[in-house]
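**Q** From the sequence below, what's the structure:
(4 chains)
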There are 2 protein chains.
Amino acid sequence: MDGFCHTVRMQGQTDSTTAQDPRQKAILKAAFEAFSSYGFRRTSMEDIARGAGMSRAALYLHYRNKEDIFRSLTQFYYDDAVAQVQAVLGRDLPIGAALDQAFAAQGGQIFAALLSSPHGDELLDTKYAHSADIAQAGEARLVAVYADWLRREAASGRVSLDVSAGDAAALAGTMMAALHGLKSPRPSPDAYRSAAGLLAGVFARALEQR
Amino acid sequence: MDGFCHTVRMQGQTDSTTAQDPRQKAILKAAFEAFSSYGFRRTSMEDIARGAGMSRAALYLHYRNKEDIFRSLTQFYYDDAVAQVQAVLGRDLPIGAALDQAFAAQGGQIFAALLSSPHGDELLDTKYAHSADIAQAGEARLVAVYADWLRREAASGRVSLDVSAGDAAALAGTMMAALHGLKSPRPSPDAYRSAAGLLAGVFARALEQR
DNA sequence: TTTTGACAAAATCATCGAAAAGTGTCATAT
DNA sequence: ATATGACACTTTTCGATGATTTTGTCAAAA
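**A** Sure thing, here's the model as predicted:
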């Protein structure tokens, strides 16, 4: 597991900060390891501190408490996902390939690994309980990224928004929801990838200007 | 809430029987009311018996226990959903209308109301814990119904299965999963209907022979 | 400055027994 | 035939207890 080196922007109680700091990176990484093997409740600050190579007291110099760390991790995931999807969709690929790669980039990330861990259920609860706001904002950002892309492609005449009567946001929202649905049977990464690819093909065909 | 008058077929521990019997109908209806307002755990056999206008002892003449009642309710939902979807898809409508009506018929039913009740989470857990087999079989039946329809339409040249390389079952499965995804944000019935309609349009466009 | 050991406060856990509620199955009454 | 009251049994609930763990914040050491 790698990739804990991007910019993380906090909100609400959590201060605005970055994970550029190698210490923060180490903490998030240690927290990820601990959460995915023990779950949220069973992970103590001691566990995380030890994993990050520091004392528990030092940990409190960086994060207010366990919830704060989890929220930061959630924020990190969405920042990462948004960046990746944005990168893919900015690459001016054919519709089908763009959606396929965007879906893949979005699915195979940090949080997905967390949620498919042995304690996935509890971590999902935790996500809703402690970072519902971040998740909601993150989903909204993702929807916005897809919607922008749809509008761009529509403007250049490569896609038609007739399906949603021109409403790019509604279409993007439905795309996201449908994509989430593929995760409900807790499929293997491979099965998920293939279903996501199929779904990408469906949306591509539905959108292509004929 | 109405519609407890169809044939219910049990399996496993549950005996094969029907809900034609007005008593059974009354029991299922009472159970539905109780489950949706108290949740599964907090609903006692006494509650259901009273709601169905009989003594608790009489209830045991019809169902082995609470789990049995819940399983029967699950079975009832799927039988109903399959019948409705089958009816819609047998009506030889245009692709878009067929999917739209099928999605609607499938979503606005008994179980959907249960799961969007105040105790939706617990009831969802209950469903997985006590009737995962029925749910899985039901989902499979639904997928099969859609897959059959896809094959029929493909044979008559009205749809193309190119998106899934000719695999009707995979396509049907992805359709179902995507449809499930629309429920994750716990939308209002109206919002769900509109998202389902949009999704139906997307699949219709992707499938239409051009 | 930066980190930590140590402390007090808080939360969690296991255990207990008594009270309450719920379950399943009779013998009996309608 | 059906349905029910009543009985024995099991499960849940609750409050109280103390041991244990965890948390958050210091003053002090490196």
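**Q** For the rest of this, base every contact and every neighbour count on C-alpha atoms.
**A** OK.
**Q** so does the helix or strand of chain A with the lowest mean pLDDT get close to chain B?
**A** When the helices and strands of chain A are scored by mean pLDDT, DSSP states H and E, helix A:110-115 comes last with a mean of 80. No: for helix A:110-115 and chain B, the contact criterion (C-alpha under 8 Å from any C-alpha of the partner chain) is not met; the two come no nearer than 15.5 Å.
**Q** so how far is the next helix or strand along the chain from that helix off the chain centroid?
**A** Downstream of helix A:110-115, the next assigned helix or strand under DSSP states H and E is helix A:120-155. Helix A:120-155 sits 7 Å away from the centroid of its parent chain (C-alpha atoms, centre = their mean, to the nearest Å).
**Q** and the very next helix or strand once past helix A:120-155, what other elements does it pack with?
**A** Tracing the chain past helix A:120-155, the next element assigned as helix or strand by DSSP H and E is helix A:168-181. Under the contact criterion of 3 or more C-alpha pairs under 8 Å, 6 or more residues apart in numbering or on different chains; DSSP states H and E, the helices and strands touching helix A:168-181 comprise helix A:120-155, helix A:189-207, helix B:168-181, helix B:189-207.
**Q** closest to DNA strand C out of these?
**A** Taking C-alpha to the nearest atom of the strand as the criterion, helix A:120-155 is the member of those that comes nearest to DNA strand C, at 13.1 Å.
**Q** List the buried residues in that closest one.
**A** By neighbour count, with 16 or more other C-alpha atoms under 10 Å in any protein chain shown as the criterion, the buried positions of helix A:120-155 are A:120, A:122-124, A:126-127, A:130-131, A:133-135, A:138-151, A:153-154.
**Q** Quick one: name the residues of chain A near DNA strand C.
**A** By the criterion of C-alpha under 7 Å from any atom of the strand, the positions of chain A lying close to DNA strand C are A:54-58.
**Q** Quickly check those for the two that are furthest apart.
**A** Distance extremes for those: the farthest pair is A:54 and A:57 at 8.2 Å, using C-alpha to C-alpha.
**Q** Between the two, point out the one with more neighbours.
**A** Neighbours around residue A:54 and residue A:57, counted as other C-alpha atoms under 10 Å in any protein chain shown, are more numerous at residue A:54. The numbers are 15 against 11.
**Q** For that one, give me phi and psi.
**A** Its backbone dihedrals place residue A:54 at phi -150, psi 170, with angles given as degrees, to the nearest 10.
**Q** can you tell me the helix or strand for the residue nearest the centre of chain A?
**A** With distances taken as C-alpha atoms, centre = their mean, the residue of chain A nearest its centroid is residue A:78 (4.0 Å). Here residue A:78 sits within helix A:66-89, counting by DSSP H and E.
**Q** Okay, buried residues for that helix please.
**A** Neighbour-count burial for helix A:66-89 flags A:66-86, A:88-89 (criterion: 16+ other C-alpha under 10 Å).
**Q** what is the mean pLDDT for that helix?
**A** Helix A:66-89 comes out with an average pLDDT of 95.
**Q** Report the distance from that helix to the chain centre.
**A** Between the centre of helix A:66-89 and the centre of its chain there are 5 Å (C-alpha atoms, centre = their mean).
**Q** which among the buried residues of helix A:66-89 are in contact with DNA strand D?
**A** residue A:66.
**Q** Check which helices and strands the least confident helix or strand of chain A sits against.
**A** Of the remaining helices and strands, those touching helix A:110-115 by 3+ C-alpha pairs under 8 Å, 6+ apart are helix A:22-38, helix A:66-89, helix A:120-155.
**Q** Let's see that with 7 Å instead.
**A** The helices and strands touching helix A:110-115, judged by 3 or more C-alpha pairs under 7 Å, 6 or more residues apart in numbering or on different chains; DSSP states H and E, are helix A:120-155.
**Q** how about the helix it packs on, does it reach DNA strand D?
**A** No: using C-alpha under 7 Å from any atom of the strand, helix A:120-155 never reaches DNA strand D; the gap is at least 13.1 Å.
**Q** Kindly report the residues of chain A close to DNA strand D.
**A** Where chain A comes near DNA strand D, counting by C-alpha under 7 Å from any atom of the strand, the residues are A:42-46, A:56-57, A:60, A:64-66.
**Q** Taking those, please make a PyMOL selection of just the buried ones.
**A** In PyMOL, selecting the buried portion of the residues of chain A next to DNA strand D, with burial taken from 16+ other C-alpha under 10 Å, looks like this:
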select buried, chain A and resi 43+44+45+56+66
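**Q** And the residues of chain A next to DNA strand D, which is closest to chain B?
**A** residue A:42 (21.9 Å; C-alpha to the nearest C-alpha).
**Q** roughly how far apart are the closest one and residue B:174?
**A** With distances defined as C-alpha to C-alpha, to the nearest Å, the gap from residue A:42 to residue B:174 amounts to 36 Å.
**Q** any idea of the angle the helix or strand residue A:99 falls within forms with helix A:189-207?
**A** Secondary structure here is read from DSSP H and E; on that basis residue A:99 sits in helix A:95-107. Regarding helix A:95-107 and helix A:189-207, their directions subtend 140 degrees when assessed with axes from the mean of the first three to the mean of the last three C-alpha atoms, to 10 degrees.
**Q** Just list the residues touching the closest residue to residue A:101 other than its chain neighbours, thanks.
**A** Taking C-alpha to C-alpha, 6 or more residues apart in numbering or on different chains as the measure, residue A:101 lies nearest to residue A:88, with 6.7 Å between them; neighbours along the chain are not counted. For residue A:88, the residues meeting the contact criterion (C-alpha atoms under 7 Å, 6 or more residues apart in numbering or on different chains) are A:98, A:101-102.
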